[in-house]
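A.B. asks: I would like to see how this sequence folds:
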Amino acid sequence: MSAVGIARDAATAVGFGDRPPPKRMRLISFRPVVKGSLRGFCNVELPSGLVLKDVSVFVARGKAWAALPARPVIDSDGRHHVINDKRQYAAAVQWRNRDLNDRWSAAVVELIRAKHPDALDEAAP
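C.D. replies: Numbers count the residues shown, from 1 in each chain. The predicted structure follows:
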């Protein structure tokens with residue numbers, strides 16, 4: 001606002017000109033771990049300030065995606081539950097719907113590719 005209380009321009013008048021830019025998701029760290037389709041783990045900070053730790057990042061069939069942190073499924077004997085030689089995991093948190101999940105996953109992949117361009121190659125070492 002100017003000294004006489006009149007907005008400098010239309011954007012300021014409707015409330016857009018004086019606001020800081022919107023916060024974006026931020027990649028805090030990426031730790032490469034190549035095992036099967038797994039390409040590593042990352043920590044990301046959401047615009048709200050919530051930090052998601054140990055987000056898994058995968059690549060298979062030409063597609064990369066991120067998965068929210070999960071906890072191991074423990075059987076009645078206290079061991080990690082296994083089905084068909086695959087350890088089982090249960091969601092620790094989840095998005096409200098598939099669209100939110102897919103958009104978040106794509107954004108995580110984009111952040112990793114921006115800072116670590118070769119980390120998500122299909123044939124990573």
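A.B. asks: what does stretch 87-100 contact?
C.D. replies: 52, 68-73, 80-82, 101, 104 (C-beta atoms under 8 Å, 6 or more residues apart in numbering). Any C-beta I mention is one placed from the backbone N, CA and C, and that applies to glycine too.
A.B. asks: what comes up buried for stretch 81-89?
C.D. replies: For stretch 81-89, the buried set under the neighbour-count rule, 16 or more other C-beta atoms under 10 Å, is empty.
A.B. asks: List the buried residues in the helix or strand that contains Ala64.
C.D. replies: Element membership for Ala64, per DSSP states H and E: strand 63-67. Residues of strand 63-67 classed as buried by neighbour count (16+ other C-beta under 10 Å): 64-67.
A.B. asks: centroid residue for the protein?
C.D. replies: In the chain, the residue lying closest to the centroid (C-alpha atoms, centre = their mean) is Val108, at 3.9 Å.
A.B. asks: thinking again about what came up before, which other helices and strands contact the following helix or strand past the strand holding Ala64?
C.D. replies: Going down the chain from strand 63-67, the next helix or strand is strand 70-72, by DSSP H and E. Packed against strand 70-72, as judged by 3 or more C-beta pairs under 8 Å, 6 or more residues apart in numbering; DSSP states H and E, are the following elements: strand 89-91.
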